[in-house]
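J.: Quick check, what structure comes out for this input:
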Amino acid sequence: MKYTSEQINKMSWQEWNETMAEELNRKGFKAKVFNSDEHRWTKTGKYVAGDDPKLFVLGTIEDSEAISYLKDIGLLNNGRCPMCGGPIHSNPGRFTSGYDSNFHFQICQNCVKSRGGLRRNVPESGSGCIVALILFPWYLLKSLF
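T.: Down below sits the predicted model:
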């Protein structure tokens, strides 16, 4: 099914997340779940919207292919911000994961501003690197003896 902007903006934020979870499950995408028997995370679970809509897109979905699929069917990049649930008016911003440049979607300008805009994460001084360079050889020597 292809969703329109009007359809997704009529849904509550929770309903919208539940619809995204249902569509991902229907298409066969798997969510990460913790396997307590093996003590590790595996991609074998079903997507669940959960109780907090703020956590679904940025907390549950970790797969750029899943994000692309949601965009293809109109559930993302279609006039609604997945970070706050509000409508996107005029010029959308863009969220891109720092771990996967293919994991990106449109967000509203309020969320762009609240997340600091397009600012790069640059350390204020290089002192952390100097300390690490000084301590690293000491750590290696200590581990040898």
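J.: quick one: residue 84 from residue 26, how far?
T.: 26 Å (CB to CB, to the nearest Å). Backbone N, C-alpha and C define where each C-beta goes, glycine included.
J.: between the two, who's got more neighbours?
T.: Neighbours of residue 84 and residue 26, each counted by other CB atoms under 10 Å, are more numerous for residue 84; the result is 16 against 10.
J.: quick one, what contacts that one?
T.: Residue 84 makes contact with 54, 107-108, 110-111 under the criterion CB atoms under 8 Å, 6 or more residues apart in numbering.
J.: And stretch 21-37, how far out from the chain middle?
T.: 15 Å (CA atoms, centre = their mean, to the nearest Å).
J.: got the contact list for it?
T.: Residues contacting stretch 21-37 (CB under 8 Å, 6+ apart): 1, 40-49, 56, 60-63, 65-66, 69-70, 73, 75.
J.: Show the end-to-end separation of that stretch, please.
T.: 25 Å (CA to CA, to the nearest Å).
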